[in-house]
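Engineer: take this sequence and fold it.
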Amino acid sequence: MRRAIRARLRAIRARWRRWSRWRRTGVAALLGLALVLLPIATAAAALRLAYTGEPATDARTRGRDAVWLGHAWVDGRKGDAELAALGARLAGTGIRDLYVHTGPLAHDGSLDPALYPRARQFVEGVHRTLPGVRVQSWLGDVVAPEKEGLHLDRAEVRDRITASAAQVLDVGFDGVHFDMEPVHSEDPGFLALLDRTHAMTAARGVPLSVAAPQIDPVPGLHVAGTGLTGHGKWWSQAYFAETARRVDQIALMSYDTSMQLESLYGGYVVHQTRLALEVTPDRVDLLMGLPAYWDDTFSHRGSAETVAAAVRGARLGLGDSDRRSFGLALYVDFTATDRHWAEYRDGWGAR
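Structural biologist: Numbers count the residues shown, from 1 in each chain. Here you go, the predicted model:
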């Protein structure tokens, strides 16, 4: 048997040597391409498979949903008429939280009160029009070292951010929502900021919420991604867990995935939902972001990243779990169309 195998290998080597250099180069290139494409094809098949089947019938809204709102609500561009329309839009849904853009923060962590002159009136108007709905102040800025922005490694910057959070609570907001990007995975300064701010919000009896990047779809991908591009696209699952333990609510930004097909995007959301559920404490609300906008860029294809696919993917990822601290978050009100809202309502059982 061994002699036969050796003879066969010798014959293959002899045939290979008889080929021209160009033919050998072409075959080697094809084999190399196959080695590159095979993992990609395998991953795509896995995502497509994850998106198959029917979601559990009770994988529906638990009344913990949210929507990001633009700055026009607090700077005077929108008033009572728009608030009434917003109330009609939200009627019958599971939306409990409004993340209202109040910043941006200055790079030193401070917040100029002139940015939100009508914030108190808006919060009071929501309380009158939408009883039970919480209005959280959405604060954010770009983050160093990838951008010239917040240096979260500096204690004085973290202190000013916490003071800015207290500043908006004094205006009447029901909570604070941080969206700071890009925070690199394993950044200790961000965790220290959450510890500092959460102590303050807990003392006031209001929630601290945070928008979080996607979790490594493959363990260690954030290391390779940051090393090759310098961009902190993903977090490790462990760092996502560390963040979740320090807040009351975490919204995973499950969009801008570069997926080109709706089925692959939906399967990706299934995977992200399961990864996040594994490590988010039951006491913490986990929200999956919905892409209510239409762009065709390197990171987002509007025909693939749909609200319908994200809702179905989140439902499949949730499965038949009876976890109550789970919801969906629509990004963002000023780009959301009637179709986006209909896909959220129909898919998530919010009538």
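
Engineer: now residue 94, nearest residue through space, not along the chain?
Structural biologist: Distances taken as Cβ to Cβ, 6 or more residues apart in numbering place residue 61 nearest to residue 94, at 3.2 Å, with adjacent residues excluded. Heads up, the C-betas are built off the backbone N, CA and C, glycines and all.

Engineer: which residues touch that neighbour?
Structural biologist: The neighbourhood of residue 61, defined by Cβ atoms under 8 Å, 6 or more residues apart in numbering, consists of 93-94, 327-328, 348-350.

Engineer: repeat that for residue 218.
Structural biologist: Remark: with contacts taken as Cβ under 8 Å, 6+ apart, residue 218 is in contact with nothing.

Engineer: what about residue 89, how many residues close to it?
Structural biologist: Taking other Cβ atoms under 10 Å as the neighbour definition, residue 89 ends up with a count of 15.

Engineer: residues contacting the residue nearest to it when sequence neighbours are not counted?
Structural biologist: The spatial neighbour of residue 89 that comes closest, neighbours along the chain excluded (Cβ to Cβ, 6+ apart), is residue 341 at 6.6 Å. By Cβ under 8 Å, 6+ apart, the residues touching residue 341 are 89, 292, 330.

Engineer: give the buried residues for whichever strand or helix holds residue 341.
Structural biologist: The secondary structure element spanning residue 341 is helix 338-348 (assigned by DSSP states H and E). Of the residues in helix 338-348, those buried under the neighbour-count criterion (16 or more other Cβ atoms under 10 Å) are 340-341, 343-345, 347-348.

Engineer: max pairwise distance over those: which two?
Structural biologist: With distance counted by Cβ to Cβ, no two of the buried residues of helix 338-348 lie farther apart than 340 and 348, which are 12.0 Å apart.

Engineer: can you pull the contacts of residue 259?
Structural biologist: With contacts taken as Cβ under 8 Å, 6+ apart, residue 259 has the following neighbours: 265, 268, 301, 304-305.

Engineer: show me the shaky parts of this structure.
Structural biologist: Residues of the chain that meet the criterion pLDDT under 70 lie in 1-7, 9, 11-17, 19-45, 221-232, 350-351.

Engineer: show me the helices in it, by range?
Structural biologist: Per DSSP state H, the chain has helices spanning 2-18, 21-50, 80-90, 119-129, 155-171, 188-204, 221-229, 237-244, 262-279, 307-318, 338-348. These are given in chain order.

Engineer: nearest to residue 214, out of those?
Structural biologist: Using Cβ to Cβ, the helices of the chain put helix 262-279 closest to residue 214, at 5.7 Å.

Engineer: what's in contact with the closest one?
Structural biologist: Contacts of helix 262-279 with the rest of the structure, by Cβ under 8 Å, 6+ apart, involve 44, 46-51, 214-215, 217, 237-238, 240-241, 244, 250, 252, 254, 257, 259, 286, 288, 303-306, 308-310, 312-314, 316-318, 321, 323, 326.

Engineer: let's go with 6 Å and repeat that
Structural biologist: Residues lying outside helix 262-279 but in contact with it, judged by Cβ atoms under 6 Å, 6 or more residues apart in numbering, are 44, 47-48, 50-51, 214-215, 237, 241, 252, 254, 257, 259, 286, 288, 304-306, 309-310, 312-314, 316-317.
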